[in-house]
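>>> Requesting a structural model of the entry that follows:
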Amino acid sequence: MTDRPLNLAIFDMGLLKAPFFLGLREHLAPTIHCLYWSRRLMMRRYAQSADITIFPTSLAEPRLKTRIGDAELRAAIGIKEQRLRGAGSLDQPRRRYAEIEDFLDSQAVDALLVWNGSNKLLSLAIHAAKRRGIPVVFAEHGYFPGTMQLDLEGVNQASSLT
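Numbers count the residues shown, from 1 in each chain. I've put the predicted structure just below:
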């Protein structure tokens, strides 16, 4: 067991959810350290205006490599995204996957928190985290007004409630 706080990566939250997730860090400290990751410019500016570090620290294209094969990368992207956007090139998802792997490893992430988890970036992050044995917490609107659900298996049809 370590004396350091657990590193909770909050991944690519949307602008509407940002106030909640950015404020969460104050309520979880000192035992949980929140790390934020987003490439969305507005989200990055919002976090930076609140003096919160957001990863990646630069939007320059990283020169990172991953060993993930094409078939596994397609599985990581997910059927929904492939049907919505078509097969397309795997170059950009491969770069993002390598970037996500680097973030998870360099920041010693202990758990990943995602909202819904069904877009391409979130699917890649979830796959990379699970591949490393990092637990993923899925968040989504609750079944009743004003509530939120958290689940370790997924949300909607993928949740443990179904």
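>>> Lowest-scoring secondary structure element of this structure by mean pLDDT?
Ranked by mean pLDDT, DSSP states H and E, the helix or strand of the chain with the weakest confidence is helix 79-85, at a mean of 77.
>>> what element comes up after that one heading to the C-terminus?
If you walk from helix 79-85 toward the C-terminus, the next helix or strand you reach (DSSP states H and E) is helix 91-106.
>>> From the contact counts, what lies against that next one?
Packing partners of helix 91-106 (3 or more C-beta pairs under 8 Å, 6 or more residues apart in numbering; DSSP states H and E): helix 70-77, helix 120-131. Just so you know, the C-beta spots here come from the backbone N, C-alpha and C atoms, and that holds for glycine as well.
>>> And the last one, what's buried?
The reference is to helix 120-131. With burial defined by 16 or more other C-beta atoms under 10 Å, the residues of helix 120-131 counted as buried are Lys120, Leu121, Leu122, Ser123, Leu124, Ala125, Ile126, His127, Ala128, Ala129.
>>> Any idea how many residues pack against Arg74?
Other residues lying near Arg74 total 16 when counted by other C-beta atoms under 10 Å.
>>> before we move on, the earlier item: which among the helices and strands packed on helix 91-106 is found nearest to Trp37?
Minimum separation from Trp37 across the helices and strands packed on helix 91-106 (C-beta to C-beta) falls at helix 120-131, 7.6 Å.
>>> What residues of the helix or strand following the closest one count as buried?
Next in sequence after helix 120-131, counting helices and strands by DSSP H and E, comes strand 136-141. Residues of strand 136-141 classed as buried under the neighbour-count rule (16+ other C-beta under 10 Å) are Val136, Phe138, Ala139, Glu140.
>>> what's the answer for stretch 36-51, then?
The neighbour-count criterion (16+ other C-beta under 10 Å) identifies Tyr36, Trp37, Ser38, Arg40, Met43, Arg44, Tyr46, Ala47 as the buried residues of stretch 36-51.
>>> residue contacts, the second one?
By that I understand Trp37. For Trp37, the contact set (C-beta atoms under 8 Å, 6 or more residues apart in numbering) comprises Ala9, Ile10, Phe11, Asp12, Ile54, Phe55, Pro56, Ile100, Phe103, Ala125.
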